[in-house]
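Enquirer: Curious how this folds, go ahead:
(chains A and B)
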There are 2 protein chains.
Amino acid sequence: MLDFTYYAPTEVVFGREAESHVARLVRKYGGRKILVHYGGGSAKRSGLLDKVCDQLAAEGIEFLLLGGVVPNPRLSLVHEGIELCRREGIDLILAIGGGSAIDSSKAIAYGVPYEGDVWDFFEGKAKVARALPVGCVVTNPASGSEMSDSCVISNEETRDKRGVSTPFGRCKFAVSNPERTFTLPAWQTAAGVTDIMMHTMERYFSNDMDMTLTEALAEALLRTLKDAAPKALADPCDYQARTQIMWGGSLAHNGLTECGMTRDWACHKMEHELSAMFDVTHGAGLSALWPTWARYVYRSNPERFVRFAVNVLGVQFDGSAESTALAGIDAMEAFYRSIGMPVTITGLLGRAITDDEAAEMARRCSHDGTITVGRLRVLDRNDIFEIYKLAR
Amino acid sequence: MLDFTYYAPTEVVFGREAESHVARLVRKYGGRKILVHYGGGSAKRSGLLDKVCDQLAAEGIEFLLLGGVVPNPRLSLVHEGIELCRREGIDLILAIGGGSAIDSSKAIAYGVPYEGDVWDFFEGKAKVARALPVGCVVTNPASGSEMSDSCVISNEETRDKRGVSTPFGRCKFAVSNPERTFTLPAWQTAAGVTDIMMHTMERYFSNDMDMTLTEALAEALLRTLKDAAPKALADPCDYQARTQIMWGGSLAHNGLTECGMTRDWACHKMEHELSAMFDVTHGAGLSALWPTWARYVYRSNPERFVRFAVNVLGVQFDGSAESTALAGIDAMEAFYRSIGMPVTITGLLGRAITDDEAAEMARRCSHDGTITVGRLRVLDRNDIFEIYKLAR
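Expert: As a prediction, this is how the structure comes out:
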């Protein structure tokens, strides 16, 4: 097993009364004049934005608003936020929303004290060395960005979607009230669960097979999310199910489920190209690729797929690693279908992709054939091309 | 389920190469002149103390040594440490050892900036508002103090053993190398596993039964530790088993396994009186009490004991909650015996306690009958007295 560092310092305040702590947390982490950064109208419509602003005003905390974050959050708005923060002397950024608002806030936080273009960090040209503090009020559990060190931004000019991971990406605090997720549409709920589970699956599908505590925790998390998803879809106001999804979303991506394990991340990297080219929902892009990826790679480590089948999906071991592994992949595919997620790219886009589109995504995903993706099985440009075509 | 705050900011550096990061971490968290605080001779004999000191010297970090921490660490040494830190202008405390060294370090860290007697915090007369930063190099996984907010100190004058929990009790960093635990005697290994499992069991035995993710994580942790213990006892140099125990020790007490749940802590509170009166190994004191506690309280929530039996110990549900719950308690008792832990106070002390001793411990545990302990079943002075006698 690998040596590891576990560092997840975010203070998470969770539950029905969580939002009443926002102003206290802003102050605790040094916010005196802050940027409140959010997405479309839902934070406004739900009354959450007003509630937070009233609380900040009552506590004497100055704030500016910057809305307009979209899914697959864009570099142009990040640039705008950086300028605004510099001009106004902002000292903390409060994101309200899901992964898009949080990631956009993180990128602004990296950019404010940096002299160059913030995109440098996403191109690997520079390393984040300082950042404004970021806190968040989570309304859409999916990205896990509230506890993760990750931030993914789309450059709309180059059509690149790139992520950067840094300890500076850890939010100082996160406020999570499952009641805020009652109004999420079924599609968003299912895509969120898919993304959450995939954050742990990208770590679980590892060739390191001897860190049993991490594996057992990962399996427990995956089983719990798989059980909670249909309940939340059947009754959107099921507080208990919403809680498992929301807290699971934080734990699935805070590092807990990777301690000692080599990570894979092939599906996320391939999905980023799908999102960049077609602007799809990230979770749905993941489920459209995963079954094909799994069938393409499982022979590299059948035992891992057997454990997944047995311990996560409740498949009985039938004496053959091969067929049990495949039965597990079938069961996961059936789960995706059952919650309304696509299991092919056609299911995702409503049409098959062309060979040219597959080749272009493979070119970008492999940085013109200069890098590979994945660890359980290392995938080169040609493998990636094949997977896109097979997933068609 | 309960609203909760999860805040476990300790940076854990874990694995075979972990110790090479000590000086870097000391510097990162502000140490320029530090106190190295440790216990008996094992840190010296193993060469760990020299290794750390060489590293500090090479990095130009000034340090003073204060050894002599004993199990159930004592207030007098804490007082000595506080004086030393004040006199020498110490800015960080580095504990080397297990829970005793870490807790002694935490208490010193609380006391240095406090004008009154540090014991005030343990008597509830004052709240910790500031503390020196504490880091640690863990050599004996048991207490979980490296990630917990807890600190337990024994006042040898009054024979009181008291704990205080505060966010200031979270270590800034923890360095854990499972190889350092290869030389732990079997007794310490088994007592450590018992303590670790109990940290999660004290949270798991709750009347909140709807936080399924926390429950599933707790069960995964308990199963993993139960499997690892006999392996580490059979082969003390089993790195994989030692890793599960060491990392499990950190996670069992960092708050992860209590999110959303009411905690119990009755066994710990009753054990503290045993330790205070007889200076026993804490983990062994816990196993000596738990089976009796469990049989005394299980009727308050048989369903919880059934889940424990089935999901942790692999007991088959036999159609009766009552008998399945009792079978689970029997199985846990058998596990304690199998790793050499006592399951009665006689097994612990080599003699039965007298009624007067039981009464005196019950008096102290209940603060002269003014407080109760436990939540799954609330226990008053008389209940505690009965449990001590039944555990005899």
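
Enquirer: Domain map for chain A?
Expert: Chain A breaks down into these structural domains: A:11-180, A:185-390 (assignment by automatic domain parsing).

Enquirer: would you turn those into JSON lines with distance to residue B:94, mean pLDDT and mean neighbour count?
Expert: (Each C-beta comes from the backbone N, C-alpha and C, glycine too.) Below are the domains of chain A laid out as JSON lines (distance: least, C-beta to C-beta, whole Å; pLDDT from 0 to 100; neighbours: other C-beta atoms under 10 Å in any protein chain shown):
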{"stretch": "domain A:11-180", "distance to residue B:94": "21", "mean pLDDT": "96", "mean neighbour count": "20"}
{"stretch": "domain A:185-390", "distance to residue B:94": "23", "mean pLDDT": "97", "mean neighbour count": "21"}
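
Enquirer: Please tabulate these in JSON lines and include distance to residue B:335 as additional columns.
Expert: Shown next, in JSON lines, are those (distance: least, C-beta to C-beta, whole Å):
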{"stretch": "domain A:11-180", "distance to residue B:335": "33"}
{"stretch": "domain A:185-390", "distance to residue B:335": "17"}
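
Enquirer: And those: which comes nearest chain B?
Expert: domain A:11-180 (2.7 Å; C-beta to the nearest C-beta).

Enquirer: What's the end-to-end length of the closest one?
Expert: 19 Å (C-alpha to C-alpha, to the nearest Å).

Enquirer: Could I get the full set of strands for chain A?
Expert: Listed in chain order, the strands of chain A (DSSP state E) span A:4-14, A:33-38, A:62-66, A:92-97, A:134-138, A:150-155, A:160-165, A:173-176.

Enquirer: Now tell me what touches the first one from outside.
Expert: When contacts are taken as C-beta atoms under 8 Å, 6 or more residues apart in numbering or on different chains, the neighbours of strand A:4-14 outside the stretch itself are A:21, A:25, A:146-147, A:167, A:170-177, A:246-247, A:250, A:254-256, A:258-260, B:3-15, B:259-260.

Enquirer: All the helices of the stretch 1-150 of chain A, residue numbers only.
Expert: Secondary structure of the stretch 1-150 of chain A (DSSP state H, counting those that start in this stretch): helices at A:22-28, A:42-45, A:48-58, A:75-88, A:99-111, A:119-122.

Enquirer: what distance separates the longest one from the middle of the whole chain?
Expert: Computed by C-alpha atoms, centre = their mean, to the nearest Å, the separation of helix A:75-88 from the middle of its chain amounts to 23 Å.

Enquirer: likewise the second one?
Expert: The gap between where helix A:42-45 is centred and where its chain is centred comes out at 22 Å by C-alpha atoms, centre = their mean.

Enquirer: for it, packing partners?
Expert: On a contact count with 3 or more C-beta pairs under 8 Å, 6 or more residues apart in numbering or on different chains; DSSP states H and E, helix A:42-45 meets strand A:92-97.

Enquirer: Dump the strands of chain A to JSON lines, plus distance to residue B:128.
Expert: Shown next, in JSON lines, are the strands of chain A (distance: least, C-beta to C-beta, whole Å):
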{"stretch": "strand A:4-14", "distance to residue B:128": "17"}
{"stretch": "strand A:33-38", "distance to residue B:128": "28"}
{"stretch": "strand A:62-66", "distance to residue B:128": "31"}
{"stretch": "strand A:92-97", "distance to residue B:128": "26"}
{"stretch": "strand A:134-138", "distance to residue B:128": "24"}
{"stretch": "strand A:150-155", "distance to residue B:128": "34"}
{"stretch": "strand A:160-165", "distance to residue B:128": "34"}
{"stretch": "strand A:173-176", "distance to residue B:128": "20"}
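
Enquirer: List just the one of these that sits closest to residue A:119.
Expert: strand A:150-155 (6.3 Å; C-beta to C-beta).

Enquirer: Name the residues that touch the closest one?
Expert: A:72-75, A:78, A:99, A:103-104, A:106-107, A:110, A:119, A:122, A:143-145, A:160-166, A:169, A:253, A:272, A:275-276.

Enquirer: on that earlier part again, among the helices of the stretch 1-150 of chain A, which is nearest residue A:385?
Expert: Once the helices of the stretch 1-150 of chain A are compared by C-beta to C-beta, helix A:119-122 is nearest, at 24.0 Å.

Enquirer: which outside residues touch the closest one?
Expert: With C-beta under 8 Å, 6+ apart as the test, helix A:119-122 has contacts from A:75, A:110, A:114, A:126-128, A:153, A:155, A:160, A:162-164, A:166.
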